[in-house]
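Peer 1: Quick one, what's the 3D model for this:
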Amino acid sequence: MSQTITKNFIPLGLALLLVIISLVMNTTQDVLFTSAQYLGYTLVIAATFVYFFNQKWFVYFFFLILLAGTIHLISIFFMDITLSITIITFNPICLFLLALHIFFNKTVFDELFPEKKSEHS
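Peer 2: Down below sits the predicted model:
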């Protein structure tokens, strides 16, 4: 557990901030959580532990969490903010965090999806 906090912690830090705000709203206001929100909060907290124990697994694990949040399978904020385009519904908060996560972890995703170089003569 010798991992230090670096710039790739920013998306996770923002997600943790949203979870903390949601938990404060739950304790001080009449905000009720859904099962998707409980699942999202649990996964974000689990991603925090994975961040400090295995950085490579964290990148993939948090990517999947944000992808599930983007397509509205889980939620990491007490308000359900969704945008719909015909039958496709997505969460702009998770989409923004997903874009930040990909931006800060470009090298890992470049290794995962290498660019194919075609040889044209």
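Peer 1: where in this structure is pLDDT low?
Peer 2: Confidence mapping of the chain against pLDDT under 70 gives the ranges 1-4, 109-113, 116-121.
Peer 1: Now do the helices in it.
Peer 2: Under the criterion DSSP state H, the chain contains helices at 10-28, 35-53, 55-70, 92-104, 106-112.
Peer 1: Which of those sits closest to Phe78?
Peer 2: Proximity to Phe78 (CB to CB) singles out helix 10-28 among the helices of the chain, at 3.9 Å. No exception for glycine: its C-beta is placed from N, CA and C like everyone else's.
Peer 1: Determine the set of other helices and strands touching the closest one.
Peer 2: When contacts are defined as 3 or more CB pairs under 8 Å, 6 or more residues apart in numbering; DSSP states H and E, helix 10-28 packs onto helix 35-53, helix 55-70, helix 92-104.
Peer 1: The last one to helix 10-28, inter-axis angle?
Peer 2: Same thing as helix 92-104. Calculated by axes from the mean of the first three to the mean of the last three CA atoms, to 10 degrees, helix 92-104 forms an angle of 150 degrees with helix 10-28.
Peer 1: Now tabulate the helices of the chain in CSV and tack on distance to Thr82.
Peer 2: Listed next are the helices of the chain as CSV, based on distance: least, CB to CB, whole Å:
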stretch, distance to Thr82
helix 10-28, 15
helix 35-53, 12
helix 55-70, 10
helix 92-104, 8
helix 106-112, 26
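Peer 1: Switch those over to JSON lines; also include mean neighbour count.
Peer 2: Below are the helices of the chain laid out as JSON lines (neighbours: other CB atoms under 10 Å):
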{"stretch": "helix 10-28", "mean neighbour count": "16"}
{"stretch": "helix 35-53", "mean neighbour count": "17"}
{"stretch": "helix 55-70", "mean neighbour count": "19"}
{"stretch": "helix 92-104", "mean neighbour count": "18"}
{"stretch": "helix 106-112", "mean neighbour count": "12"}
